[in-house]
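A.B. asks: Predicted model follows, preceded by the sequence.
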Amino acid sequence: MPGNLLVLQSGGCTAVMNASLAGVVGAGATSPKVDRVLGSHQGILGVLRGEVFDLTEQAPPLDQLRRTPAALLGSARHKLSDAELGQALDTLRKLDVRYFHVIGGNDSADTGHRLAEAAAAVGYELNVVTVPKTVDNDLPETDHTPGYGSAARFVAQTTMDAGRDTESIATVDPVKILEVYGRDAGWLAAAAGLARHDEEDAPHLIYTPERPFALDGFLDDVQRTYDRFGRAVVVVSEALRDARGEYLRADSSTLYVDSFGHRQLGGVAAILCEAVAQRLNLKARYDKPGTIQRMLTACYSESDLAEAEMAGAHAVDLATRGVTGQMVTLVRECDAPYRCGVGQAPLERVANQVRYLPDGYLDGHAVTPAFRRYAEPLVGPLPRYPRLTKRWLTPSPGGRGPG
């Protein structure tokens with residue numbers, strides 16, 4: 001039935017989150033079943049606070065909207081209590097919202113799922129279709145998530161460039177550790193492996209949350225790599241765990257915990273650098289990109305942009321056809337040439353679930369050809385850097401001649 005559409009953005013922002021918003025706004029504005037397109041300020045908090053505004057006449061041109069980073073509506077992480085669930089539903093009814101879209105990850109799927117069930121329980125016609133979003137790429141039921149391709153491109157290119165920097169100055173800084181996102185899954189850390197085209201290239205070692213981490217084994221790996229190349233570039237997920245499942249981290253008493261129970265992670269690289277310096281007597285430095293890795297527009301993946309917008313538009317199409325309680329999915333139709341379509345999955349199979357990096361995507365501490373086939377189309381072509389062949393024109397002090 002005709003009514004208003006409300007869209008909100010939730011969770012960590014990405015480089016293409018507003019491309020999904022553009023898809024929702026564009027499709028909603030042209031649908032005969034949608035009266036007005038509304039936006040909620042700072043995710044579900046805007047619904048609870050009465051901070052909902054009309055997007056119909058003030059939305060910027062879609063091309064500007066799709067290429068703006070982060071969340072133009074404002075984002076938040078907030079788990080609805082039972083009391084707030086009823087309050088949110090009352091607000092939606094007062095605003096005559098019939099189509100409800102959350103652009104977010106698995107916690108956001110929980111919000112959408114609970115609202116869809118609550119509306120059905122009281123006989124209120126509310127069609128809820130969420131739009132996937134997360135740089136972690138850890139949502140089940142979808143081939144990949146909008147946001148991952150651009151963040152993966154950032155990680156791959158950062159690793160490539162950091163590797164060349166370490167190679168250049170290995171006499172001073174022989175060990176570099178890069179810490180990237182990945183609360184539960186190693187999809188982003190694995191993306192660093194796309195930077196490696198020969199054995200000299202970084203990363204020499206990759207560590208993900210899926211495999212138990214042992215400090216002694218790590219130090220042995222670094223020493224062997226240094227002995228072979230005269231340097232070691234290592235990429236680690238922020239959520240490394242030991243064999244007991246305990247996070248590798250500093251004092252946890254000061255770490256923030258959000259309303260979904262997720263503890264703020266980080267600091268792994270600093271701990272590992274200290275261990276390398278103390279136990280191996282090698283100078284080690286670390287880079288920790290932080291939030292910039294998830295939303296830097298300089299590393300847009302063009303396929304990521306297009307698919308994020310496609311997912312937003314498809315959510316509106318589904319909702320206005322009477323579909324509810326679903327998340328839009330990205331469906332890989334072909335690897336070569338790469339082609340992707342859209343589908344749908346029940347929110348109950350997505351909410352609060354995690355999709356881990358398959359074991360077959362890692363071989364030791366390097367990515368496999370299978371992972372390359374999966375990830376390279378999502379990231380797009382990366383630069384290739386040359387190396388010089390160094391043949392000494394005069395004997396070295398140690399007696400080495402040309403070679």
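C.D. replies: It's in.

A.B. asks: all strands of the protein, in order?
C.D. replies: In chain order, the chain shows strands spanning 3-9, 34-40, 52-54, 97-104, 127-132, 175-180, 205-207, 232-237, 284-287, 326-335, 338-346, 362-363, 366-367, with DSSP state E as the criterion.

A.B. asks: mind exporting the fifth one as PDB, just the C-alpha atoms?
C.D. replies: Read it as strand 127-132. Coordinates of the C-alpha atoms in strand 127-132 are reproduced here as PDB (Å, rounded to 0.1, in the frame of the first residue of the first chain):
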ATOM      1  CA  ASN A 127       7.900  -3.900   4.800                       C
ATOM      2  CA  VAL A 128      11.500  -4.200   6.200                       C
ATOM      3  CA  VAL A 129      14.400  -4.900   3.800                       C
ATOM      4  CA  THR A 130      17.900  -4.100   4.900                       C
ATOM      5  CA  VAL A 131      20.900  -3.200   2.800                       C
ATOM      6  CA  PRO A 132      24.200  -5.000   3.600                       C
END
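
A.B. asks: What part of this structure, helix or strand, is modelled with the least confidence?
C.D. replies: Among the helical and strand segments of the chain, the one scoring lowest on mean pLDDT, DSSP states H and E is helix 62-66, with a mean of 90.

A.B. asks: Which other helices and strands does that helix contact?
C.D. replies: Counting contacts by 3 or more CB pairs under 8 Å, 6 or more residues apart in numbering; DSSP states H and E, helix 62-66 packs against helix 17-30, helix 302-320. Where you see a C-beta, it was placed from the backbone N, CA and C, and this is true even at glycine.

A.B. asks: first to last residue in stretch 230-241, what's the distance?
C.D. replies: With CA to CA, to the nearest Å as the measure, the first residue of stretch 230-241 is 28 Å from its last.

A.B. asks: Show me which positions of it end up buried.
C.D. replies: Arg231, Ala232, Val233, Val234, Val235, Val236, Ser237, Glu238, Ala239, Leu240, Arg241 (16 or more other CB atoms under 10 Å).

A.B. asks: now, which of those residues sits nearest Pro381?
C.D. replies: Each of the buried residues of stretch 230-241 was scored against Pro381 by CB to CB, and Val235 proved nearest at 20.4 Å.

A.B. asks: most centrally placed residue in the chain?
C.D. replies: By CA atoms, centre = their mean, the mean C-alpha position of the chain lies nearest to Val135, the distance being 0.7 Å.

A.B. asks: pretty sure it is touching Cys13, no?
C.D. replies: No. Proximity of Val135 to Cys13 does not meet the contact threshold set by CB atoms under 8 Å, at 9.2 Å.

A.B. asks: which residues do those two both contact?
C.D. replies: Overlap between the neighbourhoods of Val135 and Cys13 consists of Arg294, taking contacts as CB atoms under 8 Å, 6 or more residues apart in numbering.

A.B. asks: What sits closest to Val276 if chain neighbours are left out?
C.D. replies: Ala284 (4.1 Å; CB to CB, 6 or more residues apart in numbering).

A.B. asks: ok so, going back, so who does the residue nearest to the centre of the chain touch?
C.D. replies: Contact analysis of Val135 by CB under 8 Å, 6+ apart lists Gly12, Thr14, Thr145, Gly147, Tyr148, Ser150, Ala151, Ala152, Tyr181, Leu188, Gln293, Arg294.
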